[in-house]
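Asks: Task: produce atomic coordinates for the following.
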Amino acid sequence: MITVLGATGGQGGAVTQALLASGQGVRAVVRNPAEPRARRLAEQGVDVVPGNLSDTASLTAAFDGSAAAFAVTTPFESGTDAEVRQGQAIIEAAGRAGLAHLVLASVASADRSTGIPHFESKARIERVLAEAGLPATVVAPTYFFENTMGGLDEIAQGTLSLAVPADTPLQQIARRDLGAVVAAVIADPERWIGRRVEVAGDAPTPRQMAQAISAAARGPVEYRHVPLDLVRQASADMGAMFTFLAETGYSVDIPALRADFPGIAWTSFADWAADQRWPQPRPLG
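Replies: As a prediction, this is how the structure comes out:
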């Protein structure tokens, strides 16, 4: 039995499906087992149990009897300090339960002192994990392909917008590939315990992303570069992140990663885009 926190979310859901595909039993920790996505997991044979990412007691109970667990934290509901408290509760619960292998989701470049608030909170959690001395692996993804789906209204108008220069490569990953990496790490704990794995599957430029979406959506999609100042005005956190992505960028060694995980059929952005359902672009003017 593998326990997955956040199993109804993007990362946890991808990990759950990868584990199920590999024949693993899965226990999903969710806030509300009656919620439709949780019920769908139960219909797949997942053991769905209630739990709270900040409640050490419920997490300890969820980890009890598990061979391993995947945990993800979030700053986007209650802030970065709340995210750190989630990480502390998860780590304390893993210790109390005597968990044999904790796989903790972080973010690529969190260990590079970027100054990005939601990178720094994950770095703090990684330090707490290291100090705890638990048998653990940190899996740190880059930008997700799926983030593009947040701009469907713009794509329907024939535009893809990002605060990254048109020809600057942006390392990214499909959630399903992240799930496959986590499943492989859990399947081989002796190799991966004590290691930090940064994950990216492709590095398209924003212009190439727009071209791939245009081909998949069968309509013209043009790339529009958003000035960083506008992003900073809207959100200091997102402004810091896109400044980093535009001026520095992630540094995942993609060839080495593929060599480490030869069993994964890595997804390119273009192939991912071709599998999505896009609105028909209707260019303005």
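
Asks: In stretch 66-73, which residues are buried?
Replies: 66, 68, 69, 70, 71, 72, 73 (16 or more other C-beta atoms under 10 Å). Every residue, glycine included, has its C-beta placed from N, CA and C.

Asks: Which of the residues you listed lies at the shortest distance from residue 258?
Replies: residue 70 (21.5 Å; C-beta to C-beta).

Asks: That closest one in helix, strand or coil?
Replies: strand (DSSP: H, G, I helix; E, B strand; the rest coil).

Asks: how much space between it and residue 182?
Replies: 6 Å (C-beta to C-beta, to the nearest Å).

Asks: Can you name the residues that contact residue 181?
Replies: By C-beta atoms under 8 Å, 6 or more residues apart in numbering, the residues touching residue 181 are 139, 197, 199, 261, 264.

Asks: same thing but at 10 Å, please
Replies: Residues counted as contacts of residue 181 (C-beta atoms under 10 Å, 6 or more residues apart in numbering) are 14-15, 18, 103, 139, 141, 173, 192, 197, 199, 201, 257, 260-261, 264, 266.

Asks: Kindly report the same for residue 282.
Replies: Counting by C-beta under 10 Å, 6+ apart, residue 282 touches 155, 156, 157, 158, 219, 220.

Asks: Likewise for residue 264?
Replies: Counted by C-beta under 10 Å, 6+ apart, residue 264 has contacts 18, 176, 177, 179, 180, 181, 183, 184, 199, 201, 257, 258.

Asks: Helix or strand for the fifth one, just tell me which one.
Replies: I take that to be residue 180. helix 175-187 (DSSP states H and E).

Asks: Need the CA coordinates for that helix. PDB is fine.
Replies: This file holds the C-alpha atoms of helix 175-187, laid out as PDB (Å, rounded to 0.1, in the frame of the first residue of the first chain):
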ATOM      1  CA  ARG A 175       2.100  15.600 -15.000                       C
ATOM      2  CA  ARG A 176       1.800  12.000 -16.200                       C
ATOM      3  CA  ASP A 177       5.600  11.900 -16.600                       C
ATOM      4  CA  LEU A 178       6.000  13.200 -13.100                       C
ATOM      5  CA  GLY A 179       3.700  10.500 -11.900                       C
ATOM      6  CA  ALA A 180       5.800   7.900 -13.800                       C
ATOM      7  CA  VAL A 181       9.000   9.200 -12.100                       C
ATOM      8  CA  VAL A 182       7.500   9.000  -8.700                       C
ATOM      9  CA  ALA A 183       6.300   5.500  -9.300                       C
ATOM     10  CA  ALA A 184       9.700   4.400 -10.500                       C
ATOM     11  CA  VAL A 185      11.400   6.000  -7.400                       C
ATOM     12  CA  ILE A 186       9.000   4.200  -5.100                       C
ATOM     13  CA  ALA A 187       9.600   0.900  -6.900                       C
END
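
Asks: Check which element follows it along the chain.
Replies: helix 189-192.
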